[in-house]
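**Student:** sequence unknown, structure follows:
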Ligand SMILES: [Zn+2]
């Protein structure tokens, strides 16, 4: 099965979580099943997939990249069996700090357009690309509208251009930009969504990392700001 785009995964996640809000009693049913609180299920953005491609009804848990974006959806069937929604990626499970899930610092700043005097350092062209205002000579990131190769990702869904992070040491988000909830305790590394919920109920912030052959988003990377 073809890989789903991040946008498709995220839209599917919206549908599944919307289903839960239509039938709030479902939160209590799953809370009983897992022995966790309803609040913890809200925190991890649980959803429900009424009839999947095999005719199963499943709870869904979003798996995320290290910026809080949903890249995968794990399904938990009513008998407890777990699968991924086909075409979606494995990621990390955590309660997203929605208030802080804003743009990274380089996206909040003012961007200046390249010019003949100050051409793009990625494509050498003088039209369309952008650099951080006042930091042409020493940017930590630039946006090139011509070259996607080697970029970290598109700047955003609705703006053209690819974000090229030049200096990763200066790019990391600070605590205020972490997608994790703030916590006075060390962040716990656990396995699945139900562990993340249990930790939440105990007052801990936890990141669930499923085990498998290779994971694009390692916990180390997700916690680089911690
Ligand atoms: Zn460029």
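**Tutor:** Right, received. Where do you want to start? All values derive from a computational prediction rather than experimental measurement. Residues are numbered from 1 along each chain as shown.
**Student:** biggest helix in the chain by residues?
**Tutor:** helix 6-22 (DSSP state H).
**Student:** Point out the residues in the protein that sit beside the ion.
**Tutor:** Contacts of the chain with the ion, taken as CB under 5 Å from the ion, map to 120, 122-123, 129, 144, 146. From N, CA and C alone the C-beta is placed, and that goes for glycine too.
**Student:** for those residues, which one is nearest residue 7?
**Tutor:** Nearest to residue 7 among these is residue 144, at 21.3 Å by CB to CB.
**Student:** Return the residues in contact with that closest one.
**Tutor:** 120, 122-123, 129, 151, 161-162, 164 (CB atoms under 8 Å, 6 or more residues apart in numbering).
**Student:** Could you rerun that using 10 Å?
**Tutor:** Residues near residue 144 by CB atoms under 10 Å, 6 or more residues apart in numbering: 114, 120-125, 128-131, 150-151, 155, 161-164.
**Student:** before we move on, back to that, elements contacting whatever helix or strand comes next after the longest helix of the chain?
**Tutor:** Using DSSP states H and E, the next helix or strand after helix 6-22 towards the C-terminus is helix 25-34. With contacts defined as 3 or more CB pairs under 10 Å, 6 or more residues apart in numbering; DSSP states H and E, helix 25-34 has these neighbours: helix 6-22, helix 38-43, strand 47-49, strand 58-64, strand 70-77, helix 193-201.
**Student:** And the ones you listed: which comes nearest residue 93?
**Tutor:** Nearest of those to residue 93, taken as CB to CB: helix 193-201 at 4.8 Å.
**Student:** Next, the angle from the closest one to strand 70-77.
**Tutor:** Going by axes from the mean of the first three to the mean of the last three CA atoms, to 10 degrees, helix 193-201 is angled at 100 degrees with respect to strand 70-77.
**Student:** Next, the angle from helix 193-201 to strand 58-64.
**Tutor:** Orientation check (the same axes, to 10 degrees): helix 193-201 against strand 58-64 gives 70 degrees.
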